[in-house]
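[1] what's the 3D shape of this:
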Amino acid sequence: MLIRPLEIVIALCLLLAAFGSIAHGKVYSSKEDALQRAFPGAESIETVNLYLSNEEKERIRKASGVSVDSGIYSFYVGKKDGKTLGYAAIEAGTVRTLPETVLVVMNRDGSVRYAEILAFFEPPDYKPSKRWLDQFEGERLDRDLRVGGDIQGISGATLSAQAITRQVRKTSAMLQLLLEKN
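    Okay, here's the model as predicted:
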């Protein structure tokens with residue numbers, strides 16, 4: 001069984017939180033709880049893996065402006081009565097020097113339903129508020145899905161705003177690829 005890079009980052013975040021080695025870090029939600037919130041009433045939540053060719057990784061990079069490090073990308077698909085309710089992805093990244101993990105939930109039409117911080121290890125002052133995260137609702141991947149475009153910056157937390165916006169852009173581009181393949 002291969003361990004995906006995302007699982008390693010999540011495990012590392014949880015391990016660091018458990019041992020308190022990062023004074024300010026906090027895990028806010030487990031993957032299971034976050035996916036239940038993403039798909040309330042779902043009969044099943046399936047994992048769909050994209051196995052990306054170098055050409056697809058380059059296409060995602062061009063569409064999102066974000067480098068794709070891994071050739072494997074996972075989506076969670078909520079289903080009820082055989083119909084897709086939506087999609088979610090868990091994105092882990094580095095803000096300044098410490099990790100954060102974000103759940104990006106997408107509608108069937110490719111628009112963002114919401115983004116939620118699952119873990120954040122930078123100082124609490126750099127953590128974006130729910131109100132700031134609400135800006136992503138209804139957004140689609142285009143040139144205005146960026147800080148300074150449709151997304152307002154955060155004074156004193158510019159790197160956090162940019163990191164989360166990159167994660168939403170990358171997830172949006174990956175979803176477009178997933179929808180094309182299906």
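
[2] where's the longest helix along the chain relative to the chain centroid, distance-wise?
    In terms of residue count, the longest helix belonging to the chain (DSSP state H) is helix 158-181. Here the centre of mass of C-alpha atoms in helix 158-181, compared against the chain's by CA atoms, centre = their mean, to the nearest Å, lies 7 Å away.

[3] quick one: buried residues of it?
    Within helix 158-181, the residues that count as buried by 16 or more other CB atoms under 10 Å are 160-178. No exception for glycine: its C-beta is placed from N, CA and C like everyone else's.

[4] quick one: the strands in this structure?
    Defined through DSSP state E, the strands belonging to the chain, from first to last, are 26-27, 44-51, 72-80, 83-94, 99-106, 112-120.

[5] helices or strands next to the shortest one in the packing?
    In this case it means strand 26-27. helix 5-19, strand 112-120 (3 or more CB pairs under 8 Å, 6 or more residues apart in numbering; DSSP states H and E).

[6] Those: lowest mean pLDDT?
    Among the helices and strands packed on strand 26-27, helix 5-19 carries the lowest mean pLDDT, at a mean of 59.

[7] Next, the residue of the chain positioned farthest from its centre: phi, psi?
    Counting by CA atoms, centre = their mean, the extreme residue of the chain relative to its mean C-alpha position is Asp81, 26.1 Å from that point. Note on Asp81: its backbone torsions stand at phi 50, psi 40 [degrees, to the nearest 10].

[8] isn't it right up against Glu43?
    Yes - Asp81 sits in contact with Glu43 when judged by CB atoms under 8 Å, with a separation of 7.2 Å.

[9] mind listing what Ile154 touches?
    Shown here is Ile154, whose contacts under the criterion CB atoms under 8 Å, 6 or more residues apart in numbering are Pro128, Trp132, Ser160, Ala161.

[10] so where's this structure shaky on pLDDT?
    For the chain, the stretches with pLDDT under 70 are 1-6, 8-24.

[11] repeat that with 90
    Applying pLDDT under 90 to the chain picks out residues 1-25, 69, 153-158, 178-182.

[12] Quick check, Tyr87 in contact with Met174.
    No - Tyr87 is not in contact with Met174 according to CB under 8 Å; the separation is 9.3 Å.

[13] hey, what's in contact with both of those two?
    Between them, Tyr87 and Met174 share these contacting residues under CB under 8 Å, 6+ apart: Phe75.

[14] Can you lay out the contacts of Ile154 as JSON lines showing distance to Glu91?
    Output for the contacts of Ile154, formatted as JSON lines (distance: CB to CB, whole Å):
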{"residue": "Pro128", "distance to Glu91": "14"}
{"residue": "Trp132", "distance to Glu91": "17"}
{"residue": "Ser160", "distance to Glu91": "13"}
{"residue": "Ala161", "distance to Glu91": "15"}
